[in-house]
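Peer 1: coordinates only, no sequence provided:
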């Protein structure tokens, strides 16, 4: 498995441009309803990824429809990750009883496996700009439907750690902006991040949270993947990258940061605090209703120089999640054999 060129979002955009899979829109567009409507019309026609360079009331460009066709997913990841997963399942079924001969016969697989993991580096692009106090309104969060309760982060990469074991979770949980320093966090208790919060709340402790926006395509796909609870999402990210995922320490302390993310928003979710969240125009064309959910209190924010804000639009199929789901089914199905 060779190391992927796609170590960050912009390397993927460069690839899409070379492959005539990216449309750059230089006219001013509004993140309130307009970007979402353009996106819906383009994806309906199986059109290209979009890069909006002039976004109203924000200095950050917005990109959408990154994974809206099977071809773009193939450009992002290729077929090597699927082969690695198949080899892993085959090995688990055949290597016992263990012998030197079997280890030698599978030496290529083990050498590839040694490339997977996390690597802490001294510095990273994510640290190039720092906001404290944060100003979430500077980010071009989309309002996709007239009925939405406000602007949402639609490709949120929510990182938490279990308060007792330290095991991490990277998930995609709905984030609604309330003001410049707080958002909602749409957790269910049975999901990884929601379970971490449940355990922290039992201890009457706040749960530290890092919200990444943007980064390698592998990071975004891993947050969506329905992995078993004992399989870390950042390890899947490394597998999809074909090399170690670079991490950098936060000078303010707390969670390490993905070195090549576009944005990293840090703070905590206090126990027993709730605030209304929603409505939200959800899958299959209906609104999920307004309910009370925990609150993410933001302490500080990092972003890359000339950061690019990725987004998607949720709605009736086929949207990007349809194509992502097909890819993930192909990738992970060897790990879930029929009984």
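Peer 2: Perfect, I can see it now. Note that the coordinates shown come from a computational prediction; the quantities given were computed from them, not determined experimentally.
Peer 1: tell me which strands the strand ranked longest in the chain pairs with, and in which orientation.
Peer 2: Longest strand in the chain by number of residues, with DSSP state E as the criterion: strand 291-303. Using DSSP bridges, the strands paired with strand 291-303 are strand 129-131 (antiparallel), strand 182-184 (antiparallel), strand 263-269 (antiparallel), strand 274-277 (antiparallel).
Peer 1: residues of it that come out buried?
Peer 2: Neighbour counts over strand 291-303 (16 or more other C-beta atoms under 10 Å) mark 293-298, 300-303 as buried. In this view, the C-beta of every residue, glycine as well, is placed from N, C-alpha and C.
Peer 1: so can I have CSV of the residues you listed showing distance to residue 248 and pLDDT?
Peer 2: Formatted as CSV, the entries for the buried residues of strand 291-303 read as follows, by distance: C-beta to C-beta, whole Å; pLDDT from 0 to 100:
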residue, distance to residue 248, pLDDT
293, 30, 96
294, 27, 97
295, 27, 98
296, 22, 98
297, 23, 98
298, 19, 98
300, 15, 98
301, 15, 98
302, 10, 98
303, 14, 98
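Peer 1: out of these, the closest to residue 53 would be?
Peer 2: residue 303 (16.6 Å; C-beta to C-beta).
Peer 1: bridging residues for the closest one?
Peer 2: Going by DSSP bridges, residue 303 forms beta bridges with residue 129, residue 263.
Peer 1: hang on, it packs against residue 266?
Peer 2: No: look at residue 303 against residue 266 with C-beta atoms under 8 Å: they stay out of range, at 11.8 Å.
Peer 1: list just the nearest of the buried residues of strand 291-303 to residue 42.
Peer 2: residue 303 (26.2 Å).
Peer 1: which neighbours do residue 303 and residue 266 share?
Peer 2: Between them, residue 303 and residue 266 share no contacting residue under C-beta atoms under 8 Å, 6 or more residues apart in numbering.
Peer 1: tell me who's in contact with the closest residue to residue 300 other than its chain neighbours.
Peer 2: Leaving aside its sequence neighbours, residue 300 sits nearest to residue 132 (C-beta to C-beta, 6 or more residues apart in numbering; 4.0 Å). Applying C-beta under 8 Å, 6+ apart to residue 132 gives the contacts 252, 299-301.
Peer 1: and residue 187, by the same measure?
Peer 2: Here residue 187 is in contact with 173, 193-194, 197, 293-294 (C-beta under 8 Å, 6+ apart).
Peer 1: with residue 137 instead?
Peer 2: Contacts for residue 137 (C-beta under 8 Å, 6+ apart) come out as 177, 179-180.
Peer 1: so where's the stretch 101-250 of the chain uncertain?
Peer 2: The model of the stretch 101-250 of the chain has pLDDT under 70 over residues 101-115, 227-230.
Peer 1: try 90
Peer 2: The model of the stretch 101-250 of the chain has pLDDT under 90 over residues 101-117, 167, 188-192, 218, 220-244.
Peer 1: what ranges does it have for its helices?
Peer 2: For the stretch 101-250 of the chain, the helices defined by DSSP state H, counting those that start in this stretch cover 107-113, 192-202, 217-224, 233-241.
Peer 1: and of the ones you listed, who's closest to residue 153?
Peer 2: Closest to residue 153 of these is helix 217-224 (C-beta to C-beta; 11.8 Å).
Peer 1: tell me what the closest one is packed against?
Peer 2: Using 3 or more C-beta pairs under 8 Å, 6 or more residues apart in numbering; DSSP states H and E, the elements in contact with helix 217-224 are helix 70-77, strand 157-161, strand 168-171, helix 233-241, helix 320-332.
Peer 1: okay, those in TSV with distance to residue 10 and mean neighbour count next?
Peer 2: Formatted as TSV, the helices and strands packed on helix 217-224 follow (distance: least, C-beta to C-beta, whole Å; neighbours: other C-beta atoms under 10 Å):
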stretch	distance to residue 10	mean neighbour count
helix 70-77	13	18
strand 157-161	16	25
strand 168-171	21	22
helix 233-241	15	23
helix 320-332	19	17
